[in-house]
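Participant: This is a predicted model, with the sequence first.
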Amino acid sequence: MSEQVAEQTPVFRTPEQEQAAKGANTPDPYDMPLEEINPVNAHLFADNRWQPVFERLRAEDPVHFNEIETAGRYWSLTKYDDIKAVDADWQHFSSAHGISIGFRLDADVPQGLFEQSQPPFISQDPPGHDEQRKTVTGIVAPQSLATMEPLIRERTCNVLDSLPENETFDWVDNVSIELTTLMLATLFDFPLEDRRKLTRWSDVVFAIPEPGGVVETQEEKRDEFIDCVTYFSRLWEERRANPGNDLVSMLAHGEATKDMEPMEHLGNLLLLIVGGNDTTRNSMSGSVYALNQFPQEYDKLIANPGLVPQMVAEVIRWQTPLSYMRRTVVEDIEVGGKQMKAGDQVLMWYVSGNRDEDVFENANDLIIDRPNARNHLSFGFGIHRCMGNRLAELQLRILWEEILKRFEKIEVQEEPKRTFSSFVKGYTYLPVKLQRKA
């Protein structure tokens, strides 16, 4: 019995142990004045100490106001029902001013690069949003997914079969990034030998310039985007002459997008790269981490592989790969008893709504057969609901179907390194070991 317990005990620290290890250097959100709590603090997520911040806000101030010099006025919605209501109400809460705080895909680089650009459709309201989104949704239609499934499975098998046994390696780089980048390359019909450029551009989009970071300066970020436009300009010219069934061809020939210049396409291009990369790859890494955090659920999955589809939905809820989405108030309005002004930013904290105990019992726990896991907010709600949600679920389902066929268990060796961002909730390094089945 003791050996069994030992086998189920994670060898890395739990979030609670990690919090305790930080000691006095980590301010307790319950010891702070409520008005001083600022959830848009990237350190909270990089250090994995965001949970108590949102627990307090949900309990005491679910529509929470901040005003800071770098970002202006913004409200944080932390309860499930408030988030869902605002996400569905594009008439009063617009996407046209950006999807993250003080930031839009066509404005977070030095002035001048995007003078002729158009915002991506995620940063538009109807009718522009609907027209441009319709241009590319065919690639993730059910028939298209059915066609892609054998290729996704083949590539997943190849990647898993190449992994070392009884040797520590980085799951993020060797599996999560590799599989999502292969998928992106397929969606864009992008040269496979250059596929890691897609990962790099995705990382750069929401990177905070800092010494030693993904990018160190805004000028470096600008140069990366110019490289992206230059590369895709060549692909656009090729696809205009010889279209295929890929995202570049769809943008080059769609009624709402065909007359755009390459630079004008950049917003949509970056949106599709990030949407196809960050969310799925961080859910792939999060699934391994979560099942190690809750070893009894891992055992349940091994005993009943038929639970994989339910597990996938629960992992996406538990991980929440994008912490929030932003809207902007169109006209003065009341939400949760608070008066918002036209122009205020509203952050819908999906990561908090997915941990709302009024909706999800024992919300901090991973429960792979949770009956209402599919009610999660991770894909958004309303007209901006993630268009690639079914593709993400398909990739995760295939990954775990093939994992369970091959490996006894994937064991996390130590706490992962996490993304320095309050927007992208992910992992940059996850050391694991695995043992193949006899």
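Facilitator: Right, received. Where do you want to start?
Participant: Can you tell me the number of residues neighbouring Gln91?
Facilitator: Number of residues near Gln91 (other C-beta atoms under 10 Å) recorded here: 10. In this view, the C-beta of every residue, glycine as well, is placed from N, C-alpha and C.
Participant: Any idea how far the longest helix belonging to the chain is from the middle of the chain?
Facilitator: Longest helix in the chain, counting residues (DSSP state H): helix 262-293. Chain-centre distance of helix 262-293: 5 Å, with C-alpha atoms, centre = their mean, to the nearest Å.
Participant: in the very next helix or strand once past it, what's buried?
Facilitator: Per DSSP states H and E, the first helix or strand lying C-terminal to helix 262-293 is helix 295-303. Buried residues in helix 295-303, counted by 16 or more other C-beta atoms under 10 Å: 295, 297-298, 300-301.
Participant: Specify the angle between helix 295-303 and helix 262-293 in degrees.
Facilitator: Put simply, helix 295-303 runs at 100 degrees to helix 262-293, going by axes from the mean of the first three to the mean of the last three C-alpha atoms, to 10 degrees.
Participant: Which strands and helices lie in contact with helix 295-303?
Facilitator: Packed against helix 295-303 by the contact rule (3 or more C-beta pairs under 8 Å, 6 or more residues apart in numbering; DSSP states H and E) you find helix 2-8, helix 262-293, helix 308-319, helix 389-406.
Participant: Now do it and helix 389-406, the angle between them.
Facilitator: Using the same axes, to 10 degrees: helix 295-303 against helix 389-406 is 80 degrees.
Participant: Dump the C-alpha coordinates for helix 295-303 into CSV.
Facilitator: The C-alpha trace of helix 295-303 is given here as CSV (Å, rounded to 0.1, in the frame of the first residue of the first chain):
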residue,chain,number,x,y,z
PRO,A,295,-2.5,11.1,-10.1
GLN,A,296,-5.8,9.4,-9.1
GLU,A,297,-7.3,10.9,-12.2
TYR,A,298,-4.4,9.7,-14.3
ASP,A,299,-5.1,6.2,-12.9
LYS,A,300,-8.8,6.6,-13.7
LEU,A,301,-7.9,7.5,-17.3
ILE,A,302,-5.5,4.5,-17.7
ALA,A,303,-8.2,2.2,-16.4
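Participant: okay, the angle between that helix and helix 308-319?
Facilitator: On the basis of the same axes, to 10 degrees, helix 295-303 is oriented at 160 degrees to helix 308-319.
Participant: Can you give the distance from helix 295-303 to the centre of its chain?
Facilitator: Centre to centre, stretch against its chain (C-alpha atoms, centre = their mean), the figure for helix 295-303 is 25 Å.
Participant: Quick one: mean pLDDT over it.
Facilitator: The pLDDT scores in helix 295-303 average 97.
Participant: Tell me how many other residues crowd Ile208.
Facilitator: By other C-beta under 10 Å, the residues close to Ile208 number 15.
Participant: let me fix that: Glu154
Facilitator: When neighbours are counted by other C-beta under 10 Å, Glu154 registers 11.
Participant: Pull out the buried residues from the strand or helix carrying it.
Facilitator: Assigned by DSSP H and E, Glu154 belongs to helix 142-161. Going by neighbour count (16+ other C-beta under 10 Å), the buried part of helix 142-161 is 144-145, 148, 152-153, 155-156, 159-160.
Participant: Can you show me the CA trace of that helix as PDB?
Facilitator: Output in PDB follows, covering the C-alpha atoms of helix 142-161 (Å, rounded to 0.1, in the frame of the first residue of the first chain):
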ATOM      1  CA  PRO A 142     -16.400  18.900 -39.800                       C
ATOM      2  CA  GLN A 143     -15.600  17.500 -43.300                       C
ATOM      3  CA  SER A 144     -12.200  19.100 -43.300                       C
ATOM      4  CA  LEU A 145     -11.400  17.800 -39.800                       C
ATOM      5  CA  ALA A 146     -12.400  14.300 -40.900                       C
ATOM      6  CA  THR A 147     -10.000  14.600 -43.800                       C
ATOM      7  CA  MET A 148      -7.200  15.800 -41.600                       C
ATOM      8  CA  GLU A 149      -7.600  13.300 -38.800                       C
ATOM      9  CA  PRO A 150      -5.500  10.500 -40.300                       C
ATOM     10  CA  LEU A 151      -2.600  12.900 -40.900                       C
ATOM     11  CA  ILE A 152      -2.900  14.300 -37.400                       C
ATOM     12  CA  ARG A 153      -2.800  10.800 -36.000                       C
ATOM     13  CA  GLU A 154       0.200   9.700 -38.200                       C
ATOM     14  CA  ARG A 155       2.200  12.700 -37.100                       C
ATOM     15  CA  THR A 156       1.300  12.200 -33.500                       C
ATOM     16  CA  CYS A 157       2.400   8.600 -33.600                       C
ATOM     17  CA  ASN A 158       5.700   9.600 -35.300                       C
ATOM     18  CA  VAL A 159       6.500  12.200 -32.600                       C
ATOM     19  CA  LEU A 160       5.600   9.900 -29.700                       C
ATOM     20  CA  ASP A 161       7.600   7.100 -31.200                       C
END
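Participant: Would you mind pulling up the elements that it packs against?
Facilitator: Secondary-structure packing of helix 142-161 (3+ C-beta pairs under 8 Å, 6+ apart): helix 178-188, helix 389-406.
Participant: what comes into contact with that helix?
Facilitator: 138, 174-175, 178-179, 182-183, 186, 245, 390-391, 394-395, 398-399, 402-403, 406-407 (C-beta atoms under 8 Å, 6 or more residues apart in numbering).
Participant: How far away from the center of its chain is the next helix or strand after that helix?
Facilitator: As assigned by DSSP H and E, the chain's next helix or strand after helix 142-161 is strand 169-170. Put simply, strand 169-170 sits 21 Å off its chain's centre (C-alpha atoms, centre = their mean).
Participant: Strand 169-170 - contacts with which helices or strands?
Facilitator: With contacts taken as 3+ C-beta pairs under 8 Å, 6+ apart, strand 169-170 sits against strand 431-436.
Participant: average pLDDT across the strand it packs on?
Facilitator: Strand 431-436 carries an average pLDDT of 96.
Participant: follow-up on the earlier one: mind giving me CSV with the helices and strands packed on helix 295-303 and columns for distance to Val229 and mean neighbour count?
Facilitator: CSV is the format used below for those (distance: least, C-beta to C-beta, whole Å; neighbours: other C-beta atoms under 10 Å):
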stretch, distance to Val229, mean neighbour count
helix 2-8, 50, 9
helix 262-293, 6, 24
helix 308-319, 31, 23
helix 389-406, 25, 19
